[in-house]
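[1] can't give you the sequence, but here's the structure:
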């Protein structure tokens, strides 16, 4: 599938190729995954997305692995199959164990279930939960 | 709002009241929040939900605060306003700092953005991301 | 709230008023709910929506109450608070008992939970489930 | 695809295999579908999900076929392709006719459409729809 | 995949075939895409959907290309892969350039991101944004 | 509601206040809406979001009004009530007429409906729609 062609290094223009190469350097791998190759049709959007991703996912008050698990949880809730696959791989590469993966899934399932119940019941927000 | 009345202790039947009291005991507070009071119309569903929640959210391979942040992330993606309020409060009570809250929001925003881009581009899953 | 004003009978044009009156006649009530009053800014869209709703929700191979419960389930999954309230009321008016409401909520919660797990696991469709 | 390997009977541990065999016994078929084989990496989550599913989907105030149609409706709204396939098959096996399937789809489409209109208009909930 | 068989001209009944032929005539192509062939199991739903689509997508106060871009944006947000592919093709056939496609994607990504932030923050609607 | 307090100019730190003032200057109004006041707890996220918004929404290959309508369509599909209100106001301020608003809503409703039908039918993507 794909609504645009995935661009090879040869097909990408100079600006997109520079971002591909930055991805390679920062991730210490020669592999550039399909998302970036699809996004390369718009080199400015490619660069803005990659730059922002690095800032957001850098170690900070939260560990990189926790950030990847949150990313994965959002991707599941949004039903993005590609993202679920890529961020499961990323979370594992940052140390997520099988036990942690299982607990993550259980939390996601629990939240999905109570989100639906709350919406079905139209529950008003408790005064004490408001800032 | 609410599609059902929130049941007071007096209105809840014996089975629902037992769950209210278990919530009070486990959480060491007298306060029972609106979600449980709405769910009390179906005492079996109330109990099953509360029991499962305790199992899933207990400390394990993941810390309780991380679990709350994942819960919150899913609730945001599912657009559940009540859940966003209650789990922001819960994450804070389990230690989430303002800096961590900010980073959590930035990750959720980043994921929402790339989820949309991936879907718009119909990106096929890379072979290496499949198990 | 509302992004447009809710039109009273006096403010609605002749075409929208004719639909208001058709709603009154078919539902045997003088009350026209907020959705139709908001939609009245575009009389053609108002009429097309009302006409289609009657066709779709009429008794057929499925009972009206079952149709309302399905409508409610979709509205919950889509996070439409207004719709959840209006279709809970409609399902009750068509005979949904408290026990049926409870079971409906339990099914919605179950589906929400397994939908999330399936998506998180990226489960491929079994051959036998394809037509 | 799949983010984890689908476990065969041989690869599943004793606890997961016991659940596989319970699925076989209750469903009177030797076939264990992909969802359970993916979930088997976390035997406790597998068992909790299967146990809860049986409770929720058992005949009660609502017929099993109606429950399957509601399950399907939620799965459509959540965009879970696997779930849509498996629960369409399940609804058919519980008696859903082609005419009922058509009406179900028409209701889902109608709800999706009015959910969007209501959200776009920001319609406030009518007093009379609140409990 | 597909939960129903895609009907060929030979398999479609007279009523569905008449709609197939109307699609061919209006679109000036012999090709009838998969959506209509799947929907043909319910000829009335097929016809109602096709008729409504023509009314809605006709040139009016908005240009057809703008309508297709909006259709695509909604399809992305709803995670409908098929729809994303078919409406990207449709938007291109109505004149969407690569630069416009890129800007469309950037807006969709931006909206997805701020939608999530707003929901996570539970921001109350400003008085001045209400009608 | 709100999960954080909306910061006044006095409460916002120097960095957040600088962004508030940039918003005022660029929009030529003294009014800073609630979204920015909630986001001000994380001045870096506030600035990154505002900066990116300006880049994305600037006139380019698409007109500002069209961009606002796309933004609104995504916000509706994501069920973000606040965003629906703020971007309806923004689209109107950029010239959206009542007739255009009506057509926009009709397209959003149509897409929501066919998105659901396509998902329910599990329609495979036509070869010709792939890049």
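    Now that the structure is in, tell me what you want to look at. As the structure is a prediction and not an experimental result, all values here were calculated from the model.

[2] make it CA atoms for all contacts and neighbour counts henceforth
    OK.

[3] Tell me where chain A has helices.
    Assigned helices in chain A, in chain order: A:14-27, A:34-39, A:43-57, A:64-77, A:81-93, A:98-121 (criterion: DSSP state H).

[4] can you put those helices in CSV and add distance to chain B?
    Shown next, in CSV, are the helices of chain A (distance: least, C-alpha to the nearest C-alpha, whole Å):
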stretch, distance to chain B
helix A:14-27, 15
helix A:34-39, 6
helix A:43-57, 6
helix A:64-77, 5
helix A:81-93, 5
helix A:98-121, 5
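
[5] how about those helices in JSON lines, adding mean pLDDT?
    Formatted as JSON lines, those follow (pLDDT from 0 to 100):
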{"stretch": "helix A:14-27", "mean pLDDT": "98"}
{"stretch": "helix A:34-39", "mean pLDDT": "98"}
{"stretch": "helix A:43-57", "mean pLDDT": "98"}
{"stretch": "helix A:64-77", "mean pLDDT": "98"}
{"stretch": "helix A:81-93", "mean pLDDT": "98"}
{"stretch": "helix A:98-121", "mean pLDDT": "98"}
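
[6] Pick the most buried one from those helices.
    Among the helices of chain A, ranked by average contacts under mean count of other C-alpha atoms under 10 Å in any protein chain shown, first place goes to helix A:64-77 (a mean of 27).

[7] returning to that earlier point: with distance to residue F:24 added, can I get the helices of chain A in CSV?
    Converted to CSV, the helices of chain A look like this (distance: least, C-alpha to C-alpha, whole Å):
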stretch, distance to residue F:24
helix A:14-27, 34
helix A:34-39, 33
helix A:43-57, 25
helix A:64-77, 33
helix A:81-93, 37
helix A:98-121, 37
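
[8] With residue B:75 as the reference, name the closest of these.
    helix A:98-121 (6.3 Å; C-alpha to C-alpha).

[9] Got the domain ranges for chain A?
    For chain A, automatic domain parsing gives the domain ranges A:1-58, A:60-121.

[10] quick one: which of these is nearest residue D:125?
    Across those, closest to residue D:125 is domain A:60-121 (C-alpha to C-alpha), at 13.6 Å.

[11] and the closest one, does that touch chain E?
    Yes - Domain A:60-121 is in contact with chain E by C-alpha under 8 Å from any C-alpha of the partner chain, via A:78-80.

[12] Is that domain positioned near chain C?
    Yes - legend: contact between domain A:60-121 and chain C by C-alpha under 8 Å from any C-alpha is shown at A:76-77, A:79, A:81, A:84-85, A:105, A:108-114, A:116-117, A:119-120.

[13] Looking at the domains of chain A, which is nearest to residue D:22?
    domain A:60-121 (21.2 Å).

[14] Give me the number of neighbouring residues for residue A:126.
    Burial of residue A:126 is recorded as 15 neighbouring residues (other C-alpha atoms under 10 Å in any protein chain shown).

[15] And the pLDDT for it?
    Note on residue A:126: pLDDT of 97.

[16] Kindly report the same for residue A:1.
    You'll see residue A:1 listed with a pLDDT of 74.

[17] tell me which parts of chain A are close to chain F?
    Checking chain A against chain F by C-alpha under 8 Å from any C-alpha, the hits are A:1-5, A:125, A:129-131.

[18] ok, now with 10 Å
    With C-alpha under 10 Å from any C-alpha of the partner chain as the criterion, chain A meets chain F at residues A:1-6, A:45, A:48, A:52, A:56, A:78, A:125-127, A:129-131.

[19] Not including adjacent chain positions, what is the nearest residue to residue A:71?
    residue B:111 (5.5 Å; C-alpha to C-alpha, 6 or more residues apart in numbering or on different chains).

[20] My error: substitute residue A:122 in the last question.
    Residue A:122 sits nearest to residue B:2 (C-alpha to C-alpha, 6+ apart), 4.1 Å away.
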